[in-house]
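Asks: Build the 3D model from these lines:
(4 chains)
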Number of protein chains: 2
Amino acid sequence: MKLTLKDIAQALGISVATVSKALKNYSDVSPATKKIVLDYVEKVKFKPNAQASFLRTQKTKLVGVILPKLNHDFFNEVLEGIVSEAEKNTYQVLVLCSQESYEKEVLQVNELLQRNVDGIFLSISMKTYKYDHLKQVQKQGIPIILFDLIAKSVPSFRVIIYDQKAAFLATEHLIKQGCKNIAHFRGNLIPQMSIDRFIGFKKALEHYKIPFHKEWCLVCEEDRFEKGFENAKKLLKIAPEVDGLFSMTDSTAIGAIHYFKKYGLKVPKDIAVIGFSNWKISALTEPSLSSVEQNGLLMGKKVIEVFTKTQEPRNEEKEEFTTTTIPVQLCIRESSFKIKT
Amino acid sequence: MKLTLKDIAQALGISVATVSKALKNYSDVSPATKKIVLDYVEKVKFKPNAQASFLRTQKTKLVGVILPKLNHDFFNEVLEGIVSEAEKNTYQVLVLCSQESYEKEVLQVNELLQRNVDGIFLSISMKTYKYDHLKQVQKQGIPIILFDLIAKSVPSFRVIIYDQKAAFLATEHLIKQGCKNIAHFRGNLIPQMSIDRFIGFKKALEHYKIPFHKEWCLVCEEDRFEKGFENAKKLLKIAPEVDGLFSMTDSTAIGAIHYFKKYGLKVPKDIAVIGFSNWKISALTEPSLSSVEQNGLLMGKKVIEVFTKTQEPRNEEKEEFTTTTIPVQLCIRESSFKIKT
DNA sequence: CTGAAAGCGCTTACAG
DNA sequence: CTGAAAGCGCTTACAG
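Replies: Sure, this is the predicted structure:
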């Protein structure tokens, strides 16, 4: 059914080797022969078998992405960036999802190795605490690029959001809007991201000499609307005087706003709120939500950019790992807009 | 660097053939030998080369998905379903995105064929008007499964939402809430889906003897908030008496609600609104949006289910194409809830 | 400029 | 129960 080089060679009365070379535009094939081959191949729509050529060239032109969640706005943007940019560079993308499981992540990394992918792109799961699987990849000489959720202790290529700075900017914005009693909803301790956002938050308070209250920093175990709602309730009990909230994500921020409104507070007049991620929903809530825009699309593109660099013939043997930082941007909307700046 | 069967065979002092058979648990290898091989392989973490085994078995255990959009709630849910269910069946998923381009779709189908995927899953782009590329896949004996956005004229496996019925239910719901003057925002003429939703809408009006006004059916060229907003403006100009709206998607419905509110109308009191898709945002808007839930996750899982059936050894030569319908469900929230039913 | 031949790493029919 | 050998469809060093 499927055509092979042999079929083409027979039909044209030339050798398999020549057909192969003509297809790859080798210089030692006569232009005339090249044309005959190319025309015929075009006519019969022959495509060389990808697996067979891999066996010789050892390049699959295949990359693998492992995401902790698939149904997630930000990761989807990243995925879009990866897929579109990979296509431009004639790579194809295998997509796996660890579902925040360390065991799955390890398994999936191995599956990708077995497929002989040319590169692995990974955002580590919340439950990943050992990194042998990552080191194993590097030992095999396959580049691994960690993005967004990285392992600080594993040297590797990285593409990240500058979370600390972003959190600083978000908090600073609340301060400039006149907030004096600022609370923070943060994530679990494990992902570096939530630590960084917390640090950025604290640094901003310090810098502007706003008192920091440890007990006003509540943990959202999950990135869900309901957690924001619950924490808002807790927060108002212990600190009715809060007039500003920097929440770790947009959905928790929206949950919090829902509770504040239910409780009779006006947002932003009584309490200004800013989220993080700039989800699609944020422009459509009421009030619309201020947020920190993380450019997922750009992150995805950068991942491929970093990867393709590793595939270029190396000048020096000693390759350095690089860290690429994606710029963030404040999106100020109604939920935090008290005064004109 | 990477181990091969040959390495294992040498290390163990047996033949490559025996190692291969032991790994595949063939019955003609002694249990003792099997154990030795399995233990060693476990120890050195050997994984057979996927491309090499394909060359023999002609099964890549690879499937390809082409989505018209990647950054899209519904398709993401479908993707999640496909990826998770594929994993259970030890398939891996190549993800491509046609970006609503016919040319890209054709190219990508060809790329997947070149990769020798075992199956192709496709939601056709809005601009796809010819189907030779799909027929070509079938000619090669590769199963192609169309989902959500299908080509009615191409016989193939299909997994779809019962759009017509869903639209009927949504419209019926508005009627039961007491709406008498019902408008509809529809999509372009090309995707079957928007035709079906339109037909379902009309049928419901007919069934309940509610007058149908052609001029109250406005087209949203794109599935975007702004289009709903604009159309709401147009609609109120030509038909200030409307008291119900069934909009093709959630984002256009939310856009419309924004305009209605701006215009001073109360939703649902003055005008009841129902969308379609049940996006995550819909529960969080104000008023929260009634919608038709399409279970994308289930759709993705069904795609894999249909696919794996095609991979089973066939009983009869004559395989029939199947059509799988995903059930829909109304999610009634504030935007359409006028009276208790 | 062309082609014969070896080999990538597996699987499997076949012989013993 | 074990192993030698052919072959999947390519690529490429080498000979001519």
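Asks: low-confidence ranges in chain A?
Replies: Low-confidence segments of chain A (pLDDT under 70): A:1, A:189-190, A:314-319, A:339-341.
Asks: Kindly report the residues of it close to DNA strand D.
Replies: Where proximity means Cβ under 7 Å from any atom of the strand, the interface of chain A facing DNA strand D comprises A:2-6, A:16-17, A:20-21, A:23-24, A:28, A:48-49, A:52-53, A:55-57. Yep, even glycine has a C-beta here, placed from its N, CA and C like the rest.
Asks: all helices of the stretch 51-200 of chain A, in order?
Replies: A:73-88, A:102-114, A:132-139, A:163-176, A:192-207 (DSSP state H, counting those that start in this stretch).
Asks: contacts for the fourth one?
Replies: This means helix A:163-176. The set of residues external to helix A:163-176 that reach it, using Cβ atoms under 8 Å, 6 or more residues apart in numbering or on different chains, is A:182, A:184, A:192-193, A:196-201, A:203-205, A:207-208, A:210, A:244-246, A:272, A:274, A:276, A:290, A:292, A:294, A:328, A:330, A:332, A:336, A:341.
Asks: Please tabulate the helices of the stretch 51-200 of chain A in CSV, including the columns distance to DNA strand C and mean neighbour count.
Replies: What follows is the helices of the stretch 51-200 of chain A, written out as CSV (distance: least, Cβ to the nearest atom of the strand, whole Å; neighbours: other Cβ atoms under 10 Å in any protein chain shown):
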stretch, distance to DNA strand C, mean neighbour count
helix A:73-88, 25, 23
helix A:102-114, 9, 19
helix A:132-139, 17, 16
helix A:163-176, 42, 22
helix A:192-207, 37, 20
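Asks: Output those helices as a markdown table; include the columns distance to A:Thr310.
Replies: As requested, the helices of the stretch 51-200 of chain A are arranged in a markdown table below (distance: least, Cβ to Cβ, whole Å):
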| stretch | distance to A:Thr310 |
| --- | --- |
| helix A:73-88 | 14 |
| helix A:102-114 | 16 |
| helix A:132-139 | 11 |
| helix A:163-176 | 25 |
| helix A:192-207 | 23 |
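Asks: Now the stretch 101-250 of chain A against DNA strand D: closest residue?
Replies: A:Asn116 (13.2 Å; Cβ to the nearest atom of the strand).
Asks: Is it correct that that residue is in contact with B:Phe54?
Replies: No: because the distance of 10.9 Å does not satisfy Cβ atoms under 8 Å, A:Asn116 is recorded as not touching B:Phe54.
Asks: Which residue is the nearest non-sequential neighbour of A:Asn295?
Replies: Of all residues not flanking A:Asn295 in the chain, A:Ile326 sits nearest, at 5.7 Å (Cβ to Cβ, 6 or more residues apart in numbering or on different chains).
Asks: wait, doesn't A:Thr4 sit right on A:Ser53?
Replies: No: counting by Cβ under 8 Å, A:Thr4 stays clear of A:Ser53, with 11.7 Å between them.
Asks: still on that earlier bit, tell me the backbone dihedrals of the residue of the stretch 101-250 of chain A closest to DNA strand D, please.
Replies: When quoted as degrees, to the nearest 10, the phi and psi of A:Asn116 stand at phi 60, psi 40.
Asks: now do the one 10 residues further on
Replies: According to degrees, to the nearest 10, the main-chain angles of A:Met126 amount to phi -60, psi -30.
Asks: show me what contacts it?
Replies: Residues in contact with A:Met126, defined by Cβ under 8 Å, 6+ apart, are A:Pro68, A:Glu100, A:Leu149, A:Asn188, A:Ile190, A:Pro191.
Asks: Top of the residues you listed by number of neighbours, please.
Replies: When neighbours are counted by other Cβ atoms under 10 Å in any protein chain shown, A:Pro68 leads the contacts of A:Met126 with 23 neighbours.
Asks: Need the three-state assignment for A:Leu330.
Replies: Secondary structure, DSSP: H, G, I helix; E, B strand; the rest coil: A:Leu330 is strand.
Asks: do you know how far it is from DNA strand C?
Replies: Note on A:Leu330: its distance to DNA strand C, by Cβ to the nearest atom of the strand, to the nearest Å, is 52 Å.
Asks: what about the residue of the stretch 101-250 of chain A closest to DNA strand D, how many residues close to it?
Replies: A:Asn116: 21 surrounding residues under other Cβ under 10 Å.
Asks: Name all residues that make contact with it.
Replies: Contacts of A:Asn116 by Cβ under 8 Å, 6+ apart are A:Phe54, A:Gln58, A:Thr60, A:Leu62, B:Asn49, B:Ala50, B:Gln51.
Asks: What's the local residue count around the fifth one?
Replies: One way to gauge burial is a neighbour count; for B:Asn49, by other Cβ under 10 Å, it gives 19.
Asks: give me the residue from the stretch 101-250 of chain A nearest chain B.
Replies: Evaluated by Cβ to the nearest Cβ, the stretch 101-250 of chain A has A:Gln114 as its residue closest to chain B, separated by 4.1 Å.
Asks: In contact with that residue: list those residues for me.
Replies: Contacts of A:Gln114 were listed using Cβ under 8 Å, 6+ apart, and they are B:Lys47, B:Pro48, B:Asn49, B:Ala50.
Asks: In ChimeraX, how would I select the buried members of these?
Replies: One line in ChimeraX is enough to select the buried ones among the contacts of A:Gln114; burial here means 16 or more other Cβ atoms under 10 Å in any protein chain shown:
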select /B:48,49,50
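Asks: Could you single out the nearest of the contacts of A:Gln114 to DNA strand D?
Replies: Top of the list for closeness to DNA strand D, among the contacts of A:Gln114 and by Cβ to the nearest atom of the strand, is B:Asn49 at 11.0 Å.
Asks: Would you confirm that the closest one contacts B:Asp7?
Replies: No: taking contacts as Cβ under 8 Å, B:Asn49 lies outside contact range of B:Asp7: 11.6 Å.
Asks: Which residues are in contact with A:Gly228?
Replies: Residues in contact with A:Gly228 (Cβ under 8 Å, 6+ apart) are A:Phe185, A:Cys220, A:Ser247, A:Ser251, A:Thr252, A:Ala253, A:Ile254, A:Gly255, A:Ala256, A:Ile257, A:His258, A:Tyr259.
Asks: Swap in 7 Å and give it another go.
Replies: A:Phe185, A:Cys220, A:Ser247, A:Ser251, A:Thr252, A:Ala253, A:Ile254, A:Gly255, A:Ala256 (Cβ atoms under 7 Å, 6 or more residues apart in numbering or on different chains).
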